[in-house]
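Peer 1: Build me a model from this:
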Amino acid sequence: MKAPRTGFSGTQVTEKKKGVIIMARFTLPRDLYYGKGSLEVLKTLKGKKAIVVVGGGSMKRFGFLDKVTSYLQEAGMEVELFENVEPDPSVETVMRGAEAMRKFEPDWIVAMGGGSPIDAAKAMWAFYEYPDTTFEDLITPFNFPELRQKAKFLAIPSTSGTATEVTAFSVITDYSTGVKYPLADFNITPDIAVVDPELATTMPAKLTAHTGMDALTHAIEAYVSTLHSPFTDPLALQAIEMVLDYLPASYNGNMEAREQMHYAQCLAGMAFSNALLGIVHSMAHKTGAAFSTGHIPHGCANAIYLPYVIQYNAKDKEAKSRYAEIARRMGLDGTSEQALVNALCDKIRDFNVRLNIPKTLQEFGIVEEEFKEKVGKIAELAVGDACTGSNPRSITPAEMEKLLTCTYYGTEVDF
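Peer 2: Predicted coordinates:
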């Protein structure tokens, strides 16, 4: 029998006379509303004031912002908007939003759009309720002050990938120093998530591909994470199965498949919020903005790296077994665990081809000389990323450099 899993994510340790009892934690929003038209639940909220945090304009352009505003007003609330949260939201945007909240004094924070406005609103929430806190106070994982002293939080995703509507995470960027603040605390798990697939119908094909592969990576990394548990495993497996069933059709514009993908990414978020992730995300975090040829979209980076990381992690016996379990669940063929792992990698590569995602960093367009110049430093930063600690196989900076080099040239991972 395997030893039970525990994790630092919310783990509490209580001393007892005869040893230590470790309690692992599993946290989701208090309520999750889903299905076409589920936005209408906003009519039933109880409160006096709501501030709506949104991004660059697509929610307004497609009429969803007007719907949200009218539903909140129908609930009897005064509504104020905080618009134009940028991709990769900045410290300055967070502080401006927190100041707007302190002036308006909402008892509901409603964040709508992709991951950026929802992530930004989570951080604004902390600075609204605790004006004297700092980012330095918050970057220690699971070290937030107790929220919900002034407001509750409702999240409405418009993309099918980040799942920030159900997670305990947020990423904020300080552009003056180039530092990304990864915030992690169950306090910032939303109170309510509204997963209305009508918002996802507006995604262009490329965004559908990238966010879908982000969701697949979330689920696979959660399943093999050192912090996986009996509570996260079923969510991860179901999400993987749904992504493989529905992503190609969603990419090609099938709206029924688009709806199922919106649910699949949410299930993947439930899994990884509690099991955490691995080095696919470590690599994506540290390469996304590293090269002069342009930003590598997060989901695209994950899709490129995922089969190489599976090859690397599968050298670990337990990780190989769990990847093989994923392959069996997907109905892939293989007479041995290694054959099943290979089939899983081939399936992911096939998806990348069907979704027009490059196979390698070289194919993406990263210049070879710049890659060689920067890969050593990128490897060091990736090993130090918050996601590395829960990866099933440990990795050194030298090994990370070799792994990144494999993803550049498309060579097999044999170490």
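
Peer 1: how far out from the middle of the chain is stretch 164-176?
Peer 2: In terms of CA atoms, centre = their mean, to the nearest Å, the centre of stretch 164-176 is found 9 Å from the chain centre.

Peer 1: and what of stretch 289-308?
Peer 2: The answer for stretch 289-308 is 15 Å, by CA atoms, centre = their mean.

Peer 1: give me the element the spatially most central residue of the chain is part of.
Peer 2: Geometric centre of the chain, nearest residue: residue 162, 3.9 Å, by CA atoms, centre = their mean. Under DSSP states H and E, no helix or strand contains residue 162.

Peer 1: surely it meets residue 115?
Peer 2: Yes: Residue 162 lies in contact with residue 115 (CB atoms under 8 Å); the separation is 3.4 Å. Every residue, glycine included, has its C-beta placed from N, CA and C.

Peer 1: Can you verify residue 307 is assigned to a strand?
Peer 2: No: for residue 307, which was evaluated using DSSP: H, G, I helix; E, B strand; the rest coil, the result is helix, with no strand membership.

Peer 1: That one: how many residues sit nearby?
Peer 2: 24 (other CB atoms under 10 Å).

Peer 1: Now residue 50. Nearest residue, chain neighbours left out?
Peer 2: Counting by CB to CB, 6 or more residues apart in numbering, residue 50 lies nearest to residue 108, which is 4.0 Å off, once chain neighbours are set aside.

Peer 1: From residue 182, how far off is that neighbour?
Peer 2: As for residue 108, its distance to residue 182 is 26 Å (criterion: CB to CB, to the nearest Å).

Peer 1: Show me which of these two is the more surrounded one.
Peer 2: A count of neighbours by other CB under 10 Å puts residue 108 above the other of residue 108 and residue 182, at 23 against 15.

Peer 1: Okay, now the unreliable bits of the stretch 151-300 of the chain?
Peer 2: 178 (pLDDT under 70).

Peer 1: bridging residues for residue 195?
Peer 2: Beta-bridge pairing of residue 195 under DSSP bridges involves residue 34.

Peer 1: Find the nearest non-adjacent residue to residue 240, please.
Peer 2: Residue 240's closest residue in space is residue 219 (CB to CB, 6+ apart), at 4.7 Å.

Peer 1: I'd assumed residue 270 was in contact with the one you found.
Peer 2: No: using CB under 8 Å, residue 219 is not in contact with residue 270, being 9.8 Å away.

Peer 1: now the helices for the stretch 251-400 of the chain?
Peer 2: For the stretch 251-400 of the chain, the helices defined by DSSP state H, counting those that start in this stretch cover 255-275, 279-287, 298-313, 317-329, 337-354, 361-364, 368-383, 397-409.

Peer 1: Which among these is found nearest to residue 52?
Peer 2: helix 255-275 (20.2 Å; CB to CB).

Peer 1: next one: phi and psi at residue 156?
Peer 2: Recorded main-chain torsions at residue 156 are phi -130, psi 100, according to degrees, to the nearest 10.

Peer 1: And it, how close does it get to residue 186?
Peer 2: From residue 156 to residue 186 the distance is 20 Å (CB to CB).

Peer 1: Residue 289 too?
Peer 2: 28 Å.

Peer 1: Am I right that residue 28 sits in a helix?
Peer 2: No: per three-state DSSP, residue 28 lies outside any helix segment and is coil.

Peer 1: Isn't it up against residue 270?
Peer 2: Yes: between residue 28 and residue 270 there is a contact at 5.8 Å, judged by CB under 8 Å.

Peer 1: Overlap in contacts, those two.
Peer 2: Both residue 28 and residue 270 are in contact with residue 166, where contact means CB atoms under 8 Å, 6 or more residues apart in numbering.

Peer 1: Settle it for me: which of residue 156 and residue 186 has more neighbours?
Peer 2: Shown here are residue 156 and residue 186; by other CB under 10 Å, residue 156 has more neighbours (28 against 18).
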